[in-house]
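Q: Take this sequence and fold it.
(one chain, ligands or ions: 1)
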Amino acid sequence: MTVYLVGAGPGDADLLTVRAARLLRQAHVVVHDRLITKEILDLVAPHAELFDVGKRPGFSDTQERINDLLITLGRRYGRVVRLKGGDPFVFGRGGEEAQVLAHYGIDVQVVAGITSAFAGPLLAGIPVTHRGLSHGVTVVTGSAVPGATVDFRRLANADLTLVVLMGIRRRRTIARELIEGGLDPTTPVAVVERASTDQQRVLRCDLAQLGEMNVSSPAVLVIGVVAALDLGRVGALAASYAMSS
Ligand code: SAH
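A: Next comes the predicted model:
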């Protein structure tokens, strides 16, 4: 009896790991989040039970209820897959779920997934690190949690790329704090909505304009000089060149 905490990647079923796809086919029951695409859920065997525990405004399972459900299912079924968007240990509360299950003596295995923090920029043609432009990347949450809200003034660093998850609602405050912290208002920004799905959209602006941008979740914010790059086009050109030669 094992609960597998599985990363589903950013949305496109082709970006699942081979292990994730195999576990989905073999699962007796799958407990999934709201952002999991139909294409991925279609891999689940027809006889398996599906639980949607997506948290959404006005209709949400609390984390406690999700934990209770996982414990109950973990005791009852041989193979439970807890499917989470992206990577289970990047802002998915996967760490907490692993701790709770282990505490109750339930065998847990964690399966890495492709995180939207890196796949989002990549699919917009943005390398999060790039020789001479960015020596590193910081991934942070933009959501406000009482007592644990990130102070973006302290993250203003022109040498690094900043990737913000869950940052759409507070984008105005984030931009203001970064500028107050010393980041140039003309710093390039890219907003990558619904990365890897057929609704993917990339918007570009500069930091001073971010608050005015009309964008919707789920999306990642990419802030820094690399956000002005679009290597996707270069990649597409290179691929067509290779095919024709
Ligand atoms: N564990 C997930 C992150 C969960 S937090 C991961 O590793 O990707 C949820 C946030 O992830 C969203 O608010 C959004 O910022 C980001 N996100 C998830 N899927 C996304 C996608 N397909 N495109 C853009 N952003 C996405």
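
Q: near the ligand at all, the helix or strand hosting residue 178?
A: Secondary structure assignment for residue 178, by DSSP states H and E: helix 171-180. No - against the ligand, helix 171-180 shows no contacts by Cβ under 6 Å from any ligand atom, the least distance being 11.1 Å. The C-beta positions use only the backbone N, C-alpha and C, and glycine is treated the same way.

Q: That helix packs against which elements?
A: Counting contacts by 3 or more Cβ pairs under 8 Å, 6 or more residues apart in numbering; DSSP states H and E, helix 171-180 packs against strand 219-223.

Q: ok, and what's touching the strand it packs on?
A: Strand 219-223 is contacted from outside by 116-117, 120-121, 124, 126, 128, 142, 161-165, 167-168, 171, 174, 178, 183, 187-195, 207, 210, using Cβ atoms under 8 Å, 6 or more residues apart in numbering.

Q: Sort out for me which of the residues you listed are in helices.
A: Members of those lying in helices (criterion: DSSP state H): 116-117, 120-121, 171, 174, 178.

Q: okay, those residues in a markdown table with neighbour count and pLDDT next?
A: What follows is the ones in helices among the contacts of strand 219-223, written out as a markdown table (neighbours: other Cβ atoms under 10 Å; pLDDT from 0 to 100):
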| residue | neighbour count | pLDDT |
| --- | --- | --- |
| 116 | 28 | 98 |
| 117 | 23 | 98 |
| 120 | 30 | 98 |
| 121 | 26 | 98 |
| 171 | 20 | 98 |
| 174 | 25 | 98 |
| 178 | 25 | 98 |
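
Q: And those, which is closest to the ligand?
A: residue 116 (3.3 Å; Cβ to the nearest ligand atom).

Q: which residues does whichever residue of the chain sits closest to the ligand contact?
A: Minimum separation of the chain from the ligand (Cβ to the nearest ligand atom) falls at residue 86, amounting to 1.9 Å. When contacts are counted by Cβ under 8 Å, 6+ apart, residue 86 touches 7-10, 92, 113-117, 119.

Q: pLDDT wise, what is it at?
A: pLDDT, residue 86: 97.

Q: cool, residue 233 as well?
A: For residue 233, the model assigns a pLDDT of 69.

Q: can you check the one 4 residues further on too?
A: Confidence at residue 237, expressed as pLDDT, is 56.

Q: now residue 146
A: At residue 146, the predicted lDDT confidence score is 81.

Q: which residues does it contact?
A: Counted by Cβ under 8 Å, 6+ apart, residue 146 has zero contacts.

Q: that older thread, any idea which of the contacts of residue 86 is closest to residue 148?
A: residue 92 (16.5 Å; Cβ to Cβ).

Q: if I pick the most centrally placed residue in the chain, what's in contact with it?
A: With distances taken as Cα atoms, centre = their mean, residue 116 lies nearest the centre of the chain, 3.5 Å away. By Cβ under 8 Å, 6+ apart, the residues touching residue 116 are 10, 85-86, 165, 195, 218, 220.

Q: So this structure: which segments form each domain?
A: The chain breaks down by automatic domain parsing into domains covering 2-111, 116-244.

Q: before we move on, back to that, and of the ones in helices among the contacts of strand 219-223, the nearest to residue 31?
A: Minimum distance to residue 31 across the ones in helices among the contacts of strand 219-223 is 19.9 Å, recorded for residue 116 (Cβ to Cβ).

Q: What ranges does this protein have for its helices?
A: Listed in chain order, the helices of the chain (DSSP H) span 18-26, 38-41, 63-76, 94-103, 116-123, 171-180, 231-244.
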